[in-house]
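> model the structure of this input:
(one chain, ligands or ions: 1)
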Amino acid sequence: MESITIHDKNFVPYLKHDEIQELIKNLAEKVYEDYKDETPIFVGVLNGVIMFFSDFLKYYKGKCEIAFLQVSSYSGTQSTGIVYKKMDLTKDVVDRHIVLMEDIVDTGNTLENLFEYFKNTQRPKSLKVASLLLKPDVFQKDFTIDYVAKEIPNKFVLGYGLDYDELGRNLPDLYQLEEGRINH
Ligand code: 5GP
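A predicted model of the protein is given here:
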């Protein structure tokens, strides 16, 4: 893996595709242990989740359904703190067991907004969260993330579905921003 430049920024290699697969496989097994007697609906939060979502499903061996919705809060490499809902939930999940699938949890603002949305409009039987990545140094909410594949430092990451100004989502590996920390 070599460093890459996207727009004006340099990114250094962080996690190889194979290592990511191993993390997701373990995560899918944990989720299966908890849901093997149910048919959960995995709800992908677009766009960043696409690769994680599709690989997770390949490793999940139980019965399940899927749905999507789209939100956005990032501008460049900074969180704006404001969460925009861009695409409605693709199907009703009332009275069902829901696992929200996130690419990365940073401040937790997106999830806080989504919890509110699901509580007010969907009333699921249960609501949990699975995230590929979590930045524990930034996350300061009073809820916990039920399933996390990997905790990472507070540095902007790119690739494997995650973008920098819409580029880089197609990279099979994960990269980290070369310059210092991000200010929130
Ligand atoms: P939060 O609302 O938890 O602050 O941020 C969640 C969303 O911000 C993620 O779903 C993702 O779209 C975006 N995000 C947060 N951190 C990063 C990062 O390091 N890289 C990229 N590409 N997106 C991020």
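> where along this protein do the strands fall?
4-6, 9-15, 41-46, 65-75, 78-87, 97-105, 126-134, 147-151, 157-158, 174-177 (DSSP state E).
> rebuild these as a markdown table, extending it with mean pLDDT and distance to residue 118.
Yep, even glycine has a C-beta here, placed from its N, CA and C like the rest. What follows is the strands of the chain, written out as a markdown table (pLDDT from 0 to 100; distance: least, C-beta to C-beta, whole Å):
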| stretch | mean pLDDT | distance to residue 118 |
| --- | --- | --- |
| strand 4-6 | 96 | 33 |
| strand 9-15 | 97 | 30 |
| strand 41-46 | 96 | 9 |
| strand 65-75 | 86 | 10 |
| strand 78-87 | 72 | 12 |
| strand 97-105 | 97 | 7 |
| strand 126-134 | 97 | 6 |
| strand 147-151 | 98 | 17 |
| strand 157-158 | 97 | 26 |
| strand 174-177 | 97 | 28 |
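> mind putting those strands into JSON lines with distance to residue 30?
Shown next, in JSON lines, are the strands of the chain (distance: least, C-beta to C-beta, whole Å):
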{"stretch": "strand 4-6", "distance to residue 30": "32"}
{"stretch": "strand 9-15", "distance to residue 30": "19"}
{"stretch": "strand 41-46", "distance to residue 30": "14"}
{"stretch": "strand 65-75", "distance to residue 30": "18"}
{"stretch": "strand 78-87", "distance to residue 30": "27"}
{"stretch": "strand 97-105", "distance to residue 30": "11"}
{"stretch": "strand 126-134", "distance to residue 30": "9"}
{"stretch": "strand 147-151", "distance to residue 30": "6"}
{"stretch": "strand 157-158", "distance to residue 30": "22"}
{"stretch": "strand 174-177", "distance to residue 30": "21"}
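> will you turn those strands into JSON lines that also has distance to residue 168 and mean neighbour count?
Below are those laid out as JSON lines (distance: least, C-beta to C-beta, whole Å; neighbours: other C-beta atoms under 10 Å):
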{"stretch": "strand 4-6", "distance to residue 168": "5", "mean neighbour count": "14"}
{"stretch": "strand 9-15", "distance to residue 168": "8", "mean neighbour count": "17"}
{"stretch": "strand 41-46", "distance to residue 168": "16", "mean neighbour count": "22"}
{"stretch": "strand 65-75", "distance to residue 168": "13", "mean neighbour count": "16"}
{"stretch": "strand 78-87", "distance to residue 168": "16", "mean neighbour count": "13"}
{"stretch": "strand 97-105", "distance to residue 168": "12", "mean neighbour count": "23"}
{"stretch": "strand 126-134", "distance to residue 168": "15", "mean neighbour count": "22"}
{"stretch": "strand 147-151", "distance to residue 168": "18", "mean neighbour count": "18"}
{"stretch": "strand 157-158", "distance to residue 168": "4", "mean neighbour count": "24"}
{"stretch": "strand 174-177", "distance to residue 168": "7", "mean neighbour count": "22"}
